[in-house]
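S.K.: Next come a sequence and a model predicted from it.
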Amino acid sequence: MSTMITLEQIQQALDAADEITPRTAKLRPSAVLVPLIQKSDGLHLLLTQRSEHLRHHAGQISFPGGSMDDTDDDLVHTALRETEEEVGIAQTDIEVLGKLPLQPTGSGFLIQPVVGILPDNFELTLCQDEVSSAFEAPLDFLFDPDNQIHSYREYGGKNYSIYSIPYDGWNIWGATANIIVKFSQLINHSAYIDKL
């Protein structure tokens, strides 16, 4: 990509996105925060590696998040609560920009990605029970279609379209990569509309 992605482009794309909530009872409602970090070289995403002993998606690269609790007001609250629990960033310190399209998983979850900006000079306090490590990746790299590898994977007798994005020794794949790819397509589509 030749130009850096801006927060203004992201906000315009999120504002223009149609939010359709499928009426599916079989999938567990969950949410993740897609955490943006403003840096001098552009926007970055914060990603985590899930602990190896977890029942779902052990060891995978993910966004902070999890299943909706009875105490959550909505899925935005779920994403913010889980982020505070997993990486120690206070819910009130995160500026929510909007929601991305829902992401179903083959493992029975329906994920609501929530895009938010992390505060300057944030400090991470990882919940080692859930998160083994965290890292940042440049949004321009993640959104570059040349870095998004498409394939199919069989799970439970069905073939699923999946993406993987190798970055600095990490393999971002599955639902997390699919969310990143959908986000990048939303931004690229919005930029295309602006040029018409």
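M.R.: Here it is on my side, so go on. Numbering: from 1, shown residues only.

S.K.: Quick check: the gap between residue 109 and residue 28.
M.R.: For residue 109, the distance to residue 28 (C-beta to C-beta, to the nearest Å) stands at 5 Å. Every residue, glycine included, has its C-beta placed from N, CA and C.

S.K.: what's the overlap in contacts for those two?
M.R.: Common neighbours of residue 109 and residue 28, counting by C-beta atoms under 8 Å, 6 or more residues apart in numbering, are residue 67.

S.K.: More neighbours: those two, which one.
M.R.: Taking neighbours as other C-beta atoms under 10 Å, residue 109 and residue 28 compare with residue 109 leading, 20 against 15.

S.K.: And the helix or strand containing residue 8, what's buried?
M.R.: Residue 8 is part of helix 7-16, with elements assigned from DSSP states H and E. Within helix 7-16, the residues that count as buried by 16 or more other C-beta atoms under 10 Å are 9, 10, 12, 13, 14.

S.K.: ok, now which ones touch the last one?
M.R.: The neighbourhood of residue 14, defined by C-beta under 8 Å, 6+ apart, consists of 97, 98, 99, 100, 115, 186.

S.K.: List the neighbouring strands of the lengthiest strand in the chain plus their orientation.
M.R.: Among the elements of type strand in the chain, defined by DSSP state E, the one spanning the most residues is strand 28-39. Applying DSSP bridges, strand 28-39 is found paired with strand 42-50 (antiparallel), strand 65-67 (antiparallel), strand 109-117 (parallel).

S.K.: ok, now how distant is residue 102 from residue 165?
M.R.: 20 Å.

S.K.: try residue 32
M.R.: Noted for residue 32: a distance of 16 Å to residue 165, by C-beta to C-beta.
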